[in-house]
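Novice: One predicted model, sequence on top.
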Number of protein chains: 2
Amino acid sequence: MTWHDGYIAVDWGTTNRRAWRVGPDGVISASFEDDLGLLAVPEGGFPAAAAAIRQRLGDDPMILAGMVGSDRGWREAPYFPCPVGAEALAAAIVWIEPGRTGIVPGVSQCGAAGTGADVMRGEEVQVFGAAAMGVTPPDGLVCHPGTHAKWIRLQAGRIARFRTMMTGELFNLLRTHSILAPQLRGPAAPDDSFSAGVAAAFAGGDVLSGLFGVRARYLLGESVGEPASFASGLLIGSDVRAALAEDAAAPAREVVLIGRPDLCALYAAALAMRGVATRRVDGAEAFLAGIRLIAEML
Amino acid sequence: MTWHDGYIAVDWGTTNRRAWRVGPDGVISASFEDDLGLLAVPEGGFPAAAAAIRQRLGDDPMILAGMVGSDRGWREAPYFPCPVGAEALAAAIVWIEPGRTGIVPGVSQCGAAGTGADVMRGEEVQVFGAAAMGVTPPDGLVCHPGTHAKWIRLQAGRIARFRTMMTGELFNLLRTHSILAPQLRGPAAPDDSFSAGVAAAFAGGDVLSGLFGVRARYLLGESVGEPASFASGLLIGSDVRAALAEDAAAPAREVVLIGRPDLCALYAAALAMRGVATRRVDGAEAFLAGIRLIAEML
C-alpha cells in the first residue's frame, strides 16, 4: 500500500472532526463530519477512534492535522518554527505507526523578547493547500478568520510569519457575558452599521471606547443601527488595520480568505474599504489540497 | 432646615451604596456602606430605603448621585449634555421632594454621527469635587479607572468632554471566561510584566494579537512573567495611549486619578512611562467635596 493508492485525511479539532477518503486520482470517495473532537475522546481512546474512522472509510494510510497533535490530543507533534515550507512540515510528521498513521505538526513563531510569539495548528495545512491550488501566490497574504483569526504571510511559498488575533473570541465574550450582551444579540452582517464600525476603527478609534459607545448610544436613545454589526465592524476593522500595518512599506493588494463563508464576507467587506481585493477558498478544499501536497512528499 | 445646617450625601450604585451625614461645618458625623445597591431594592422600595437611611443618619435633606438616577433607579434624572459645570448640574437636580430629597443627574456627550456618544453617572460629582478641593486644575485631565474607565477633560472648571473605556470589563471577561482564564488567575500588579504589556501597547501593539501572545508563550514554554500583569498592562496601555492621543497637540503633563487605589497605581505606572505625572484623590473624599459644592449652590 502506498500514498499513491489513496489515503484518509483527517482534520481533527477540539470540538469537531472531518475525515475524507481520497482516491488515487485525488477524488473524494467518502467523507464524514461529526462532533467527536478531542474533548469527546476518552483518555487512551484515540487508537480505537482512528480504527473506527478506518472502518467507515477504508483500511488506508491516514494523515491527521489540527489539535489532535496538541498536548491534549492523540500524541504531541511539537510546533515547527517558521519560516517553514510544506516539505519541512511533511518531514516533521509525527508517526503513530510509521508510514501508516501520522500527525502533521503545527507551526510556531518565537518573537524577540516575547513579542510576536504565536502558534497555529491546522491552518498551516490549509495555507499550503491554497498555495498548491494556485489561489495564493508564493508571497501572498492569507487571512483565516475565526475565534482566533490568523494572518499568515508567505514568502517564496513558505510561511514566513503570522499573527493571531483574538477577534472572534472577544466578540463572543462581549455578546455572551458583557454589559453589551442585550444589544449584541442580533447577527453581524456586512451592512451599513458594520461599515461604520470598520470606518471608526480605520480612523484610529480604539476598541475599548468604541464598544462602550454602543451602550451609550442605546442609553441616549440615539440610533445605533445594528449594534452587533457595528461592534463586529469595530473589532474586525481593528484586526484588519493592525494586520495591514505590518506591511506598511509594501501594502498588500490582495488577501486570500480561508474559512467560514459568513466570516470571510465580513473580512472581505472590511478589506474592500481599504482598497484590498480578496479571493476566497473553501476551508475543506484547502485542507484537502494541503494534505495531498504533503502526501505526495512522503 | 437649610442645607447649611447639614445634609445626607448618598452615592448609590448598582450593587453598593455609601451614605454620609455631613454637619454644618462639613465634618462627617456618621456614615455607612452596604450592598443595598439598585439591584437589591424591590420595586417601589426606594422611599422606604431612603427613610431607613434617614433613620440611621438623621432627618436631614438628602442629595443622591450615581445609578440611583438611572432608568433602573429611584427616578430617572436625565443625562445633562456636556459641556457642563457644577452650577448647571445643581440646577438640574431632580427633586423627589423639593428642597428635601434630590438626585444629581449624570452627564452625556452626543457625538457627531454616533461617534463619541458617551454617558456617566456619579463620576461627575467626584470630578467637580476634586476641582473644588483644588487637586484638579480648571483645565485638568481626570482619569477614573474601573470596570468602565472614564477620562474626563475639564475646561474652565466645566466638564468639556469625556471618554469611557471598557478596559476593566474586558480584563474581567478575559480572566473569567476566555481561553486565557487559566493563565490570568493571579493578581495584576505594577511589576515588570505590567510594564512590558504597557510598552507593547505604546509601541503600537494591538490588544487583539497581544492577548493571544499570552497563550502562545505559555504553549511554547516561553517565560511569560506574570501573565495577569502583562495582560493588564496591554489593556491599560492601550487605554492610556488612546486617551492621551486625544490631546496630541497639547499633551497632558499631569493626570488626576480618582478611584480604587490598586487600579490608580496601575494607571499611574502606565502614565509615568509616558512621562505624565499623576495625583491621586480618594473617591469618597472627592464625592463628598462634590456634593458639598452642589449643596452650597442650592
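Specialist: Looks like it came in fine.
Novice: And the pLDDT for the residue nearest to residue A:184 when sequence neighbours are not counted?
Specialist: The spatially closest residue to residue A:184, leaving aside those adjacent along the chain, is residue A:175, at 4.0 Å (CB to CB, 6 or more residues apart in numbering or on different chains). Where you see a C-beta, it was placed from the backbone N, CA and C, and this is true even at glycine. At residue A:175 the predicted local distance difference test score is 95.
Novice: same thing with the one 4 residues further on?
Specialist: Looking at residue A:179, its pLDDT reads 92.
Novice: Okay, now the unreliable bits of chain A?
Specialist: Judged against pLDDT under 70, the low-scoring parts of chain A cover residues A:1-2, A:112-115.
Novice: measure residue A:229 to residue A:265 for me?
Specialist: With distances taken as CB to CB, to the nearest Å, residue A:229 is found 12 Å from residue A:265.
Novice: Mutual contacts of those two, please.
Specialist: Both residue A:229 and residue A:265 are in contact with residue A:190, where contact means CB atoms under 8 Å, 6 or more residues apart in numbering or on different chains.
Novice: Which one's more surrounded, the two?
Specialist: Neighbours were counted for residue A:229 and for residue A:265 using other CB atoms under 10 Å in any protein chain shown; residue A:229 has more, 25 against 17.
Novice: thought the more buried one was touching residue A:193?
Specialist: Yes. The pair formed by residue A:229 and residue A:193 meets the contact definition of CB atoms under 8 Å, at 3.9 Å.
Novice: can you give me the helices in chain A?
Specialist: Read by DSSP state H, chain A holds these helices, from start to end of the chain: A:46-57, A:86-91, A:123-132, A:167-177, A:192-202, A:207-219, A:227-245, A:261-272, A:283-296.
Novice: Among those, show me which one is buried the most.
Specialist: Looking across the helices of chain A with neighbours counted as mean count of other CB atoms under 10 Å in any protein chain shown, the highest average goes to helix A:123-132: a mean of 27.
Novice: For it, name the packing helices and strands.
Specialist: helix A:86-91, strand A:141-144, strand A:149-155, strand A:158-165, strand A:254-258, strand A:277-281, helix A:283-296 (3 or more CB pairs under 8 Å, 6 or more residues apart in numbering or on different chains; DSSP states H and E).
Novice: Domain map for chain A?
Specialist: If the domains of chain A are taken from automatic domain parsing, they occupy A:3-121, A:165-281, with pieces of a single domain joined by a plus sign.
Novice: Out of these, which is closest to residue B:54?
Specialist: Using CB to CB as the measure, domain A:165-281 is the one of those that comes nearest residue B:54, at 30.2 Å.
Novice: End to end on that closest one, go ahead and measure it.
Specialist: One end of domain A:165-281 sits 20 Å from the other (CA to CA, to the nearest Å).
Novice: Please state the offset of it from the chain centre?
Specialist: Distance, stretch centre to chain centre, for domain A:165-281: 17 Å (CA atoms, centre = their mean, to the nearest Å).
Novice: Equivalent analysis for stretch A:25-44, please.
Specialist: Counting by CA atoms, centre = their mean, stretch A:25-44 is centred 18 Å from the centre of its parent chain.
Novice: Show me what the spatially closest residue to residue A:36 that is not a sequence neighbour bridges to in the sheet.
Specialist: With sequence-adjacent residues excluded and distances taken as CB to CB, 6+ apart, residue A:36 is closest to residue A:17, at 5.7 Å. Here residue A:17 sits in beta bridges with residue A:12, residue A:34, as judged by DSSP bridges.
Novice: State the number of residues packed around residue A:17.
Specialist: Using other CB under 10 Å, residue A:17 has 24 other residues around it.
Novice: That one touches residue A:31, doesn't it?
Specialist: No. Using CB under 8 Å as the test, residue A:17 is too far from residue A:31 to be in contact (11.1 Å).
Novice: And the nearest residue to residue A:275 once chain neighbours are set aside, how close does it get to residue A:274?
Specialist: Using CB to CB, 6+ apart and skipping residues adjacent in sequence, the residue nearest residue A:275 is residue A:253, 8.0 Å away. Here residue A:253 is placed at a distance of 10 Å from residue A:274 (CB to CB).
Novice: How about residue A:258?
Specialist: Residue A:258 sits 19 Å away from residue A:274 when distances are taken as CB to CB.
Novice: Check residue A:180 too.
Specialist: Taking CB to CB, one finds residue A:180 at 26 Å from residue A:274.
Novice: quick one: which of these two has more around it?
Specialist: Summary of the neighbour comparison: residue A:180 and residue A:274, criterion other CB under 10 Å, with residue A:180 having more neighbours (20 against 15).
Novice: which residues sit in contact with the more buried one?
Specialist: Contact criterion CB under 8 Å, 6+ apart gives A:174, A:211, A:214-215, A:227, A:231 as the residues in contact with residue A:180.
Novice: if you set the cut-off to 7 Å instead, what comes out?
Specialist: A:174, A:211, A:214-215, A:231 (CB atoms under 7 Å, 6 or more residues apart in numbering or on different chains).
Novice: overlap between the residues you listed and the residues near chain B?
Specialist: The subset of the contacts of residue A:180 lying close to chain B, counting by CB under 7 Å from any CB of the partner chain, consists of residue A:211.
Novice: Out of the contacts of residue A:180, which is nearest to chain B?
Specialist: Proximity of these to chain B was ranked by CB to the nearest CB; the top entry is residue A:211 with 5.0 Å.
Novice: which parts of the stretch 151-298 of chain A sit against chain B?
Specialist: A:163-167, A:169-170, A:173, A:177-179, A:200, A:205-209, A:211-213, A:216-217, A:219-220, A:222, A:238-239, A:242.
Novice: same thing but 6 Å
Specialist: Neighbours of chain B within the stretch 151-298 of chain A, by CB under 6 Å from any CB of the partner chain: A:163-167, A:173, A:177, A:200, A:206, A:208-209, A:211-213, A:216-217, A:219-220, A:222, A:239, A:242.
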